[in-house]
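Q: Here you go, sequence then predicted model.
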There are 2 protein chains.
Amino acid sequence: MAPLPVSPLAPAHQPELPAIAGCRFAAVEAGVRYKGRRDVLLAEFAAGTTVAGVLTRNQMPGAPIDWCRQHLPAGRARGLVVNAGNANVFTGAKGHTACTETAAAAAGQLGCAPAEIMLASTGVIGEPLPYERIVAALPAAQAGLSGNAWADAARAIMTTDTFPKAATRTANIRGVPVRINGIAKGSGMIAPDMATMLSFVVTDAKIPADVLQALLTRTVARTFNAITVDSDTSTSDTLMLFATGQVSHAAIEGPGEPALRDFRAKLEDLLKDLALQVVRDGEGAQKLIEITVTGAASERAARRIALAIADSPLVKTAIAGQDANWGRIVMAVGKSGQKADRDRLAIDIGGVAVARDGARVEGFDEAPVAAHMKGQEIKIAVDVGIGSGRSTVWTCDLTHGYIDINADYRS
Amino acid sequence: MAPLPVSPLAPAHQPELPAIAGCRFAAVEAGVRYKGRRDVLLAEFAAGTTVAGVLTRNQMPGAPIDWCRQHLPAGRARGLVVNAGNANVFTGAKGHTACTETAAAAAGQLGCAPAEIMLASTGVIGEPLPYERIVAALPAAQAGLSGNAWADAARAIMTTDTFPKAATRTANIRGVPVRINGIAKGSGMIAPDMATMLSFVVTDAKIPADVLQALLTRTVARTFNAITVDSDTSTSDTLMLFATGQVSHAAIEGPGEPALRDFRAKLEDLLKDLALQVVRDGEGAQKLIEITVTGAASERAARRIALAIADSPLVKTAIAGQDANWGRIVMAVGKSGQKADRDRLAIDIGGVAVARDGARVEGFDEAPVAAHMKGQEIKIAVDVGIGSGRSTVWTCDLTHGYIDINADYRS
């Protein structure tokens, strides 16, 4: 399959990520599936690095998910090995062996326990992972470890992505600046919880693993778990947050303490940035769609309604056709199964009221709505007239490009 | 929008439906939305006709759904008015007026109570129904009523359908032959419960309304509620079963009685025939897909897993690409949220075992599977290794044709 053109929704420029003390990367060519590109990422973390993670809820998880689910609770990480091209999913006992052998090899090189090596794989499902190729590539990777390889790392984990995804923020913990860098991959099989999505975030702050986990869990609901491309939830989704602890600041005791306010905000901002980059690279995406539901019975109900709209093929194709087809939005609200008052339903598109009290707004001005639909960023707001629950989700349109990519690529 | 080419999955020939005593139809041009085609259907039923119905579970139902939900429980029908082009959904108080005025006019002509007139509308959402045009067309419709207008009736209710859908069966009740005819429309916004689908079935048997309702409810789960095109549930779905009682057979007392065995079987067969015709006309469909899930915790769990597979855009696009991408089937089973044993999962495609015990079958013969994927009818069987629940659903593939139709048509 020919390389895909870069998404029209790609950010105008890629951020440059600064080095983070206690974290080095190398990306190498292992030939797992692709030829002529770097497809394995090795990361090395300083002693004392803590880790938190959020893993797919798909009931058919890959072997690397099993591995991380087993070892994440200890909260310690010294290394990370990621490959693209083969997801090591539905590979039976061989999948488990691939994990233990890869982790053992990486641990031997980095001088730590295998349980301190985190693993992630993405790509085709159901084919045994040729882990020997990964193991064989690790010495070269170790030799190439660098604090300035973030751009290489972002590229190494790509599959059908059309651009690498990275973001960086600086936060302040009790007057001390700390850095947060993140990279992500993902463009299809994207749905909560979570996307077909790998994301690795590293900070030089010193945060205990349980606090790190609480921060990540809280933040992911409004970021990576609020995006959907095609409603299909991957078997490999992995988001990990590593804290190398290389910056000296006063000790952190709990996730809610005021000293973490800025860190929490910057972390959420960074995760939202990465999540929206994934949607912007949604397979075939021509438009980024933001859907805000208010007036629902609860935040959970609002989110379900918003996702019913976001995942509706009829809504997504209408937007691809630049048609402000709000009737399909009504249909999607109704199919969500959540409480909504048909006779109080209100819909705004691009800030223009198109429906109020369960009917079209008589004589609303179609011109600004039509102009909005021609843009790259579509905003839909729906009030369902029941309560005060609200939620925002992001998705993209459903186009011929999605069919092209997915009728061809064996994932 | 140019007329769509007839679906490649259309049946080779249309059945000829015989007259049914006590039932006459007429289809007329009312110009509700389309020009130059019959868009309003009037049906007249003999005195004593009983009726049962199944209506959409979408929480934003159209005004005709409200009307039928109010009047169906009485179980009596003397007339039916159906229009295409405007669904009379999300039309507020005007939608209610359109129903009462249409029913009153039809009742006046047919000499019955308005509550004995059933209504259904399909087409665009959110625009007031120009019911005056329907009312104005009713006298011509009444003048044209005929027992042999089934083909006209099937055509009059079409929207994006590319072929009219009809079926007929003969059943035996205590040695007396009775007829069952049915027509249906629907091609997109098709998902349980139910499809964007209208279907009207008429028999000359004499069956009390409560028995009729029990028969219909029982049968619909395995027929119309087992199909999906795009997971989008319409606001207008309506299935009605009318029994004119013009054939003399011994009285029927309950839905389970042995005398109804043949009638039940033929009714299910007819409804399945119509439901599969709807899938065969799925927007852009190139392939009919049958998905059977076994080994689930319950029938309900099996149905949810089957629907997760059937509604997965990644599974549907893979099949469009003639790719036996069973990895995506694994993903869809896992995203269903239902219990399944990853390490016992088994998948057959076209009768060939491709996965057993949670892994690819080593060295399975790809040739017959590849040949099967090139055909028009794809069979997928999945055993999830938990219990004895089983369910079969039908869907179609997701192709460029779906995008073409839905990025253009305002429904």
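A: Done, it's in.
Q: Pop the domain breakdown of chain A in here.
A: Split into domains by automatic domain parsing, chain A comes to A:23-280, A:288-406.
Q: show me what contacts A:Lys94?
A: Taking CB atoms under 8 Å, 6 or more residues apart in numbering or on different chains, we find A:Lys94 in contact with A:128-129, B:359. Where you see a C-beta, it was placed from the backbone N, CA and C, and this is true even at glycine.
Q: Swap in 6 Å and give it another go.
A: A:Pro128 (CB atoms under 6 Å, 6 or more residues apart in numbering or on different chains).
Q: For stretch A:160-180, C-alpha coordinates in PDB please.
A: C-alpha atoms of stretch A:160-180 as PDB (Å, rounded to 0.1, in the frame of the first residue of the first chain):
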ATOM      1  CA  THR A 160      -1.200   4.000   9.600                       C
ATOM      2  CA  ASP A 161      -0.500   7.400  11.200                       C
ATOM      3  CA  THR A 162       0.300  10.100   8.600                       C
ATOM      4  CA  PHE A 163       2.200  12.300  11.000                       C
ATOM      5  CA  PRO A 164       4.100  11.800  14.300                       C
ATOM      6  CA  LYS A 165       2.400  13.000  17.400                       C
ATOM      7  CA  ALA A 166       4.200  14.800  20.200                       C
ATOM      8  CA  ALA A 167       3.600  17.500  22.800                       C
ATOM      9  CA  THR A 168       5.500  19.200  25.600                       C
ATOM     10  CA  ARG A 169       4.600  21.300  28.600                       C
ATOM     11  CA  THR A 170       6.300  22.900  31.600                       C
ATOM     12  CA  ALA A 171       4.600  22.800  34.900                       C
ATOM     13  CA  ASN A 172       5.500  24.300  38.300                       C
ATOM     14  CA  ILE A 173       5.600  22.200  41.500                       C
ATOM     15  CA  ARG A 174       6.200  24.400  44.500                       C
ATOM     16  CA  GLY A 175       8.200  26.900  42.500                       C
ATOM     17  CA  VAL A 176      10.300  24.300  40.700                       C
ATOM     18  CA  PRO A 177       9.700  23.900  36.900                       C
ATOM     19  CA  VAL A 178       9.200  20.300  35.700                       C
ATOM     20  CA  ARG A 179       8.900  19.100  32.200                       C
ATOM     21  CA  ILE A 180       6.300  16.800  30.700                       C
END
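Q: which residues touch A:His71?
A: Counted by CB under 6 Å, 6+ apart, A:His71 has contacts A:Ala115.
Q: which non-adjacent residue is nearest A:Gly295?
A: A:Asp383 (4.1 Å; CB to CB, 6 or more residues apart in numbering or on different chains).
Q: do A:Gly144 as well
A: A:Gly144 sits nearest to A:Ala26 (CB to CB, 6+ apart), 3.9 Å away.
Q: Give me the neighbour count for the one you found.
A: Residues near A:Ala26, counting by other CB atoms under 10 Å in any protein chain shown, number 23.
Q: quick one on the thing from earlier: now for the residue nearest to A:Gly295, how many residues are close by?
A: Neighbours of A:Asp383 using other CB under 10 Å come to 21.
Q: Distance from the chain centre to the helix or strand containing A:Ile183, please.
A: Assessed by DSSP states H and E, A:Ile183 sits inside strand A:176-185. Mean C-alpha position of strand A:176-185 versus that of the full chain (CA atoms, centre = their mean, to the nearest Å) differs by 15 Å.
Q: buried sites along it?
A: By neighbour count on 16 or more other CB atoms under 10 Å in any protein chain shown, the buried set for strand A:176-185 is A:178-185.
Q: where does chain A dip in pLDDT?
A: A:1-3, A:187-196, A:229-233, A:408-411 (pLDDT under 70).
Q: at 80 what do you get?
A: A:1-4, A:34, A:159-160, A:187-196, A:228-236, A:405-411 (pLDDT under 80).
Q: just to revisit the earlier point, which strands and helices lie in contact with the strand holding A:Ile183?
A: The contact analysis (3 or more CB pairs under 6 Å, 6 or more residues apart in numbering or on different chains; DSSP states H and E) places strand A:176-185 against strand A:165-173, strand A:198-203, helix A:261-280.
Q: just these: most buried one?
A: strand A:198-203 (a mean of 27; mean count of other CB atoms under 10 Å in any protein chain shown).
Q: ok, back up a step: take the helices and strands packed on strand A:176-185 and write them to CSV, including distance to A:Leu80.
A: Putting those into CSV (distance: least, CB to CB, whole Å) gives the following:
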stretch, distance to A:Leu80
strand A:165-173, 16
strand A:198-203, 7
helix A:261-280, 17
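Q: Format those as JSON lines; extra columns: distance to chain B.
A: What follows is the helices and strands packed on strand A:176-185, written out as JSON lines (distance: least, CB to the nearest CB, whole Å):
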{"stretch": "strand A:165-173", "distance to chain B": "21"}
{"stretch": "strand A:198-203", "distance to chain B": "15"}
{"stretch": "helix A:261-280", "distance to chain B": "15"}
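Q: Quick one: closest of the ones you listed to B:Phe224.
A: Ranking those by proximity to B:Phe224 (CB to CB) places helix A:261-280 first, at 34.8 Å.
Q: Need the CA coordinates for the closest one. CSV is fine.
A: C-alpha atoms of helix A:261-280 as CSV (Å, rounded to 0.1, in the frame of the first residue of the first chain):
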residue,chain,number,x,y,z
ARG,A,261,-2.6,22.0,40.7
ASP,A,262,-0.4,23.3,37.9
PHE,A,263,1.0,19.9,37.1
ARG,A,264,-2.5,18.4,36.9
ALA,A,265,-3.6,21.2,34.5
LYS,A,266,-0.6,20.9,32.3
LEU,A,267,-0.9,17.1,32.2
GLU,A,268,-4.5,17.3,31.1
ASP,A,269,-3.6,19.9,28.6
LEU,A,270,-0.9,17.7,27.1
LEU,A,271,-3.0,14.6,27.1
LYS,A,272,-5.8,16.5,25.3
ASP,A,273,-3.3,17.9,22.8
LEU,A,274,-2.1,14.3,22.0
ALA,A,275,-5.6,12.9,21.9
LEU,A,276,-6.8,15.6,19.5
GLN,A,277,-3.7,14.9,17.3
VAL,A,278,-4.9,11.3,17.1
VAL,A,279,-8.4,12.4,16.0
ARG,A,280,-6.8,14.8,13.5
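Q: by how many degrees do whatever helix or strand comes next after it and helix A:261-280 diverge?
A: Using DSSP H and E, the helix or strand that directly follows helix A:261-280 along the chain is strand A:288-296. If you take axes from the mean of the first three to the mean of the last three CA atoms, to 10 degrees, strand A:288-296 sits at 120 degrees to helix A:261-280.
Q: I'd like to know which residues of chain A are adjacent to chain B.
A: A:58-60, A:90, A:92, A:125-126, A:230, A:232-233, A:235, A:312-314, A:317, A:320-321, A:323, A:325, A:327, A:330-331, A:333-335, A:340, A:342, A:358-360, A:400, A:403, A:406-408, A:410 (CB under 6 Å from any CB of the partner chain).
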